[in-house]
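Asks: Show me how the following folds:
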Amino acid sequence: MSVQHRAVRMGDLRASMKEVAGGVRYIRCDQPLGDFPRAMTDRLQHWAETTPEQVFLAERQGDGWRSVTYAEAWQTVQSLAQMLLGHNLSESRPLLILSGNDIEHALLGYAAMLIGVPYAPISPAYSLISKDFAKVRHVDDLLDPGLVYASDGTAFAPAILAAVSADVPILIQRGDIPGRRIITMADALATEPTEDVERARAEVTPDTIAKFLFTSGSTGMPKAVTTTNRMLCANQEMIRSALAFLGDEPPVLIDWMPWNHTAGGNHNLGIALYNGGSFYIDDGKPTPDGVAATIRNLKSVSPTVYFSVPKGYEMLHQHLVQDEELRNAFFRRLKLMQYAGAGLAQHVWDGLDATATAATGERIMIISGYGSTETAPFALTTTWPVERAGEIGLPAPGLELKLVPNGQKLEVRLRGPNVTPGYWRQPDKTEEAFDEDGFYCIGDALKFVDPHDLSRGLAFDGRVTEDFKLSTGTWVNMAAVRSGLVAACAPLVRDVVLTGLDRNHIGAMIFPDLGACAELVGARLPPEALVAHPSVRRHLARALDALAARATGSSNHVARTLLLAEPPSIDGSEVTDKGSINQRAVMARRAALVDELYAEPVPDHVFVSLRKAKS
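Replies: Got it, this is the predicted structure:
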């Protein structure tokens, strides 16, 4: 007898398609988009008045949680809004947030939204990991902020002193920044709101800019995606139309994903606020050292819906297998797991399925969404159970897809109320991003799960610009080859950069999962020692040879590979803010290593995998 999925109410995303000349297809959800509020802060006031004692935000404090109710959050947001008004912030002098997720970060952002002042949360890595602070300087130049928030003045002082204009006041919770004008959070919270807050709020419209979110892009410095109130509110209504259960009871989320990225700050935090739920800030991370905090938090708070990236699920699954207390707490009231950012490895998918069944006697639905910073981010999802990664479902209500033939693929473009009007102060980039009909050109390709049945939805088919031809004229489907290589070498491979444009064969530079490699060899060694360790090399050699034996031709045969001891560089733009690899930047920065993949004689550290002829 097959195990059934836990009952969960999902929305109806049935869609219709129209094909026009040139093979262009338009797809729309049959269900119209419901009404949505003017601004997300209207939802904060609503819940403060209807469920004032409901916990809105919580973060770790010692052995327990420090929490803020909706009523407390609403009062604090008004006080912070008055403080912001005192510094004459505006669209052209926005609020800049350098530090990561905390309660004050969230409330300060909503305070800015309340009075029509955009805010820009940027990756803490720009300040704490980067050595040259070039991206902080770029953001400061582009936005010209009127106030900067950093939770710990001492930790962020080097970046602020090097890259933030000297006349900009700095808001901090603790620490100090010598020589700078400092405002303490305690003083800001003590500000008494006046009628000026309500007057400023009355001027806010759906098209008022709520925030700027920075995307890494494929080259150059990050672009500021203009994000309006309309985008955020329409997107949350789209999400609730698809994940209908969110409207049945206040959701409970526990989440680590950074708020400088659209998935964490728009999607996940927004779900809690829009639906009157509770958001517990997870101080863990999907790293060998950081996952312990996540495990501790999940034993304390049982979520009703859980979001993470594939690496987060991979690390969580390892603990779910071993820890019965964690299994029981995590799955106790969980209705749905959703991943984004990359493909979920099949062994992780199957493992999550098995542990859920072991803990509850039921399967828990696993789905993926699709979108980008420019779409706020939600655009497509499945609302039915799927069994493998890559299926992304159908468009949300109110969104229109345009599928345009592009070589061997169907390039997807999007139009709807959740799509950005453009990039701040970069009209040339904005013009490049939209086609003649106003559709946003996201740069991805999609394909039909079943070309004869639209109801089966769509699947991700890679980036249209990443596929390439070998010197023989053979096309290489980058996404398919990359996912096959990662799956074959699991769990030792974190990510892969493929080479081969105008070359004779496909090559690959592998970013190893150093934690998995250390577990294989039974010791924590320096990266250089791990990638050279005989156990690691034997394991990968066997996996690569098995993959080569299954290759059907040069289009999917990875002939040579090498392991990279150096992780992707933030300063070198090799990794985006959401942790994905910038293929073009890696190949440019490591051009000498690319040459080694094609050198004759073959260097000793390069793996060679020979394809066996098919009989």
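
Asks: Could I get the buried residue list for stretch 559-576?
Replies: Neighbour-count burial for stretch 559-576, counted by 16 or more other CB atoms under 10 Å, picks out 559-564, 568-570, 573-576. Glycine gets a C-beta too; all of them are placed from N, C-alpha and C.

Asks: Closest to Val20 out of the residues you listed?
Replies: Comparing those against Val20 with CB to CB places Thr576 closest, at 34.4 Å.

Asks: so what pLDDT did that closest one get?
Replies: Looking at Thr576, its pLDDT stands at 65.

Asks: next one: Val301
Replies: For Val301, pLDDT reads 97.

Asks: now Gly579
Replies: For Gly579, pLDDT reads 61.

Asks: next one: Ala293
Replies: Reading off the model, Ala293 has pLDDT 97.

Asks: and the gap between it and Leu334?
Replies: Distance check for Ala293 against Leu334: by CB to CB, to the nearest Å, it reads 19 Å.

Asks: wait, is Val412 part of a strand?
Replies: Yes: looking at Val412 with DSSP: H, G, I helix; E, B strand; the rest coil, it is inside a strand.

Asks: helix/strand/coil for the closest residue to it other than its chain neighbours?
Replies: Spatially, and ignoring its direct neighbours in sequence, Val412 is nearest to Leu446 (4.7 Å; CB to CB, 6 or more residues apart in numbering). Classification of Leu446 using three-state DSSP returns strand.

Asks: cool, the one 5 residues further on as well?
Replies: For Pro451, the secondary-structure state derived from three-state DSSP is coil.

Asks: related to what we said a few turns ago, pLDDT score assigned to the residue nearest to Val412?
Replies: Confidence at Leu446, expressed as pLDDT, is 95.

Asks: my guess is it meets Glu391, correct?
Replies: No: in this structure, Leu446 is not within contact of Glu391 by CB atoms under 8 Å, at 10.5 Å.

Asks: Need the overlap of contacts for the two.
Replies: Residues touching both Leu446 and Glu391 by CB atoms under 8 Å, 6 or more residues apart in numbering: Leu458, Ala459.

Asks: Surely Pro567 forms part of a strand?
Replies: No: Pro567: not assigned to a strand; according to three-state DSSP it is coil.

Asks: pLDDT below threshold where in this structure?
Replies: Along the chain, the parts satisfying pLDDT under 70 run over 1, 216-220, 341-342, 576-579, 612-615.

Asks: thinking again about what came up before, so which of Ala293 and Leu334 has more stuff around it?
Replies: The neighbour count for Ala293 versus Leu334, taken as other CB atoms under 10 Å, is higher for Leu334 (22 against 15).

Asks: Skipping its backbone neighbours, what lies nearest that one in space?
Replies: Take Leu334 and drop its neighbours on the chain: the residue closest to it by CB to CB, 6+ apart is Ile364, 5.5 Å away.

Asks: how about that neighbour, what does it touch?
Replies: His5, Arg6, Phe331, Leu334, Lys335, Leu336, Met337, Leu352, Asp353, Ala356.

Asks: Need the nearest residue in space to the second one, chain neighbours excluded.
Replies: Nearest residue to Arg6 in three dimensions, chain neighbours excluded: Glu362, at 4.2 Å (CB to CB, 6+ apart).

Asks: The one you found touches Gln4, doesn't it?
Replies: Yes: taking CB under 8 Å as the definition, Glu362 is a contact partner of Gln4 at 6.3 Å.

Asks: more neighbours, those two?
Replies: For the pair Glu362 and Gln4, the greater number of neighbours falls to Glu362 (15 against 11), based on other CB under 10 Å.

Asks: Can you give the domain ranges for this structure?
Replies: Domain assignment for the chain, taken from automatic domain parsing, gives 66-204, 468-608.

Asks: taking those together, which one is wrapped up most tightly?
Replies: Ranked by mean neighbour count under mean count of other CB atoms under 10 Å, these are led by domain 66-204, which reaches a mean of 19.

Asks: on that earlier part again, among the domains of the chain, which is nearest Ser16?
Replies: Across the domains of the chain, Ser16 has its closest neighbour in domain 468-608 (27.4 Å, CB to CB).

Asks: my hunch is that Trp384 is in a strand, does that hold up?
Replies: No: under three-state DSSP, Trp384 falls outside any strand and is assigned coil.

Asks: so how many other residues sit close to Ser300?
Replies: Ser300: 15 neighbours (other CB under 10 Å).

Asks: The nearest residue to Gly343 once chain neighbours are set aside and Val493: what is the separation?
Replies: Counting by CB to CB, 6+ apart, Gly343 lies nearest to Ala389, which is 4.3 Å off, once chain neighbours are set aside. Ala389 sits 15 Å away from Val493, going by CB to CB.

Asks: what does Asn556 give?
Replies: 17 Å.

Asks: How about Phe307?
Replies: Taking CB to CB as the criterion, Phe307 is separated from Val493 by 23 Å.

Asks: And Leu89, by the same measure?
Replies: 45 Å.

Asks: same question, Leu530
Replies: Here the distance between Leu530 and Val493 works out to 13 Å (CB to CB).

Asks: cool, Phe36 as well?
Replies: 42 Å.

Asks: check contacts around Arg174.
Replies: Arg174 makes contact with Ser151, Asp152, Gly153, Thr154, according to CB under 8 Å, 6+ apart.

Asks: For it, grab phi and psi.
Replies: Dihedral pair for Arg174: phi -150, psi 170, per degrees, to the nearest 10.

Asks: wait, what's in contact with Ala359?
Replies: Counting by CB under 8 Å, 6+ apart, Ala359 makes contact with Glu324, Arg327, Asn328, Phe330, Phe331.

Asks: Can you classify Ile367 as helix, strand or coil?
Replies: Taking three-state DSSP, the label given to Ile367 is strand.

Asks: Might one say that it is in contact with Gly393?
Replies: Yes: between Ile367 and Gly393 a contact is recorded at 7.4 Å, counting by CB under 8 Å.

Asks: How far does the helix or strand hosting Phe212 sit from its chain's centre?
Replies: Secondary-structure assignment from DSSP states H and E places Phe212 in strand 209-215. In this view, strand 209-215 has its centroid 14 Å away from the chain centroid, taken as CA atoms, centre = their mean, to the nearest Å.

Asks: Hmm, Val204 is touching Ile115, no?
Replies: Yes: using CB under 8 Å, Val204 makes contact with Ile115 at a distance of 7.4 Å.

Asks: Give the full set of residues in contact with Ala356.
Replies: Counting by CB under 8 Å, 6+ apart, Ala356 touches Phe331, Leu334, Glu362, Arg363, Ile364.

Asks: Would you double-check that Ala157 falls in a strand?
Replies: No: read with three-state DSSP, Ala157 is helix and lies in no strand.

Asks: Please report how far the closest residue to it other than its chain neighbours lies from Ile170.
Replies: Closest residue in space to Ala157, ignoring its immediate chain neighbours: Ile177 at 4.6 Å, by CB to CB, 6+ apart. Taking CB to CB as the measure, Ile177 falls 6 Å from Ile170.

Asks: Could you do Ser92 as well?
Replies: As judged by CB to CB, Ser92 and Ile170 stand 19 Å apart.

Asks: what do you get for Pro303?
Replies: Taking CB to CB, one finds Pro303 at 35 Å from Ile170.

Asks: and Leu492, what is it in contact with?
Replies: Contact analysis of Leu492 by CB under 8 Å, 6+ apart lists Pro512, Asp513, Ala516, Cys517, Leu520, Val536, His539, Leu540, Ala543.

Asks: can you tell me which of these are in helices?
Replies: Cross-referencing those against helices under DSSP state H gives Ala516, Cys517, Leu520, Val536, His539, Leu540, Ala543.

Asks: need the strands for the stretch 51-200 of the chain, in chain order.
Replies: 55-61, 64-69, 95-97, 119-121, 147-152, 170-174, 182-184 (DSSP state E, counting those that start in this stretch).
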